[in-house]
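Novice: quick one, structure for this:
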Amino acid sequence: MMVLGALARREGVFEWLAVVGVRAARGSRLRLFNLVYAIGIAVTTLLSIAELSAKRTTIN
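Specialist: Sure, this is the predicted structure:
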């Protein structure tokens, strides 16, 4: 998971997600808060799934 996170940071994925979130919030602090929370959940879920998939392929 750490490798994927570092790769995403290097490629600018998190910055891109931040820009998308700010634009989607359209000036609403509450909407921005909810978007940041939702993006955080999505990123954590995707990285966790990728880590589990990697562990399964190395075990088998």
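
Novice: and the longest helix along the chain, how far from the chain's centre?
Specialist: Determined from DSSP state H, the single longest helix within the chain is helix 29-59. Centroid separation between helix 29-59 and its chain, computed with C-alpha atoms, centre = their mean, to the nearest Å, is 5 Å.

Novice: for it, packing partners?
Specialist: helix 2-11, helix 13-25 (3 or more C-beta pairs under 8 Å, 6 or more residues apart in numbering; DSSP states H and E). In this view, the C-beta of every residue, glycine as well, is placed from N, C-alpha and C.

Novice: ok, now which ones touch the residue nearest in space to the middle of the chain?
Specialist: Most central in the chain under C-alpha atoms, centre = their mean is Val43, positioned 2.6 Å from the mean C-alpha point. By C-beta atoms under 8 Å, 6 or more residues apart in numbering, the residues touching Val43 are Ala8, Phe14, Leu17.

Novice: swap the cut-off to 6 Å and go again
Specialist: Contacts for Val43 (C-beta atoms under 6 Å, 6 or more residues apart in numbering) come out as none.
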